[in-house]
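> Sequence plus the predicted model coming up.
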Amino acid sequence: KPIMFTAGIGQIDELHLAKGAEEKGMLIVKIGGPAYRIGMGGGAASSMFQGENAEALDFNAVQRGDAEMLQRVNRAIRACVELGTANPIVAIHDQGA
């Protein structure tokens, strides 16, 4: 089984370093794809080849990506960030795996 290590580098405006405080009346927006039961299969699911096990366990496997949805979410966040001080995003919480 191959092992892969990754890293990333980037930049961020100091304006976006800290989450803003919540206030009564703020809107909560959820963006992204469907919520899979990612990780519920645990190590047993991640150690098998896709299709080699029960279908239910296969869909519970760790790391199920959706490149198209990733691009859509990235574009939406980037468009907001490029608004500078008019950025409507106060805080982001990634509920991913």
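Arrived safely. Numbering: from 1, shown residues only.

> in the chain, which spans are strands?
Secondary structure of the chain (DSSP state E): no strands present.

> Return, as residue ranges, the portions of it with sub-threshold pLDDT.
1, 33-65, 96-97 (pLDDT under 70).

> let's see it at 90
Applying pLDDT under 90 to the chain picks out residues 1-20, 22, 28-71, 73, 84-85, 92-97.

> any chance you could map the helices in it?
Using DSSP state H, the helices of the chain run over residues 42-46, 55-59, 67-81.

> With just CA atoms, put the last one into PDB.
What it means is helix 67-81. Output of helix 67-81 as PDB, limited to C-alpha atoms (Å, rounded to 0.1, in the frame of the first residue of the first chain):
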ATOM      1  CA  ALA A  67     -13.000  17.500  -7.200                       C
ATOM      2  CA  GLU A  68     -15.900  19.400  -8.900                       C
ATOM      3  CA  MET A  69     -17.500  20.400  -5.600                       C
ATOM      4  CA  LEU A  70     -14.100  21.400  -4.200                       C
ATOM      5  CA  GLN A  71     -13.600  23.800  -7.200                       C
ATOM      6  CA  ARG A  72     -17.100  25.300  -6.700                       C
ATOM      7  CA  VAL A  73     -16.500  25.900  -3.000                       C
ATOM      8  CA  ASN A  74     -13.000  27.300  -3.600                       C
ATOM      9  CA  ARG A  75     -14.400  29.800  -6.100                       C
ATOM     10  CA  ALA A  76     -17.200  30.900  -3.800                       C
ATOM     11  CA  ILE A  77     -14.800  31.500  -0.900                       C
ATOM     12  CA  ARG A  78     -12.200  33.200  -3.100                       C
ATOM     13  CA  ALA A  79     -14.900  35.500  -4.600                       C
ATOM     14  CA  CYS A  80     -15.900  36.600  -1.100                       C
ATOM     15  CA  VAL A  81     -12.200  37.000   0.100                       C
END
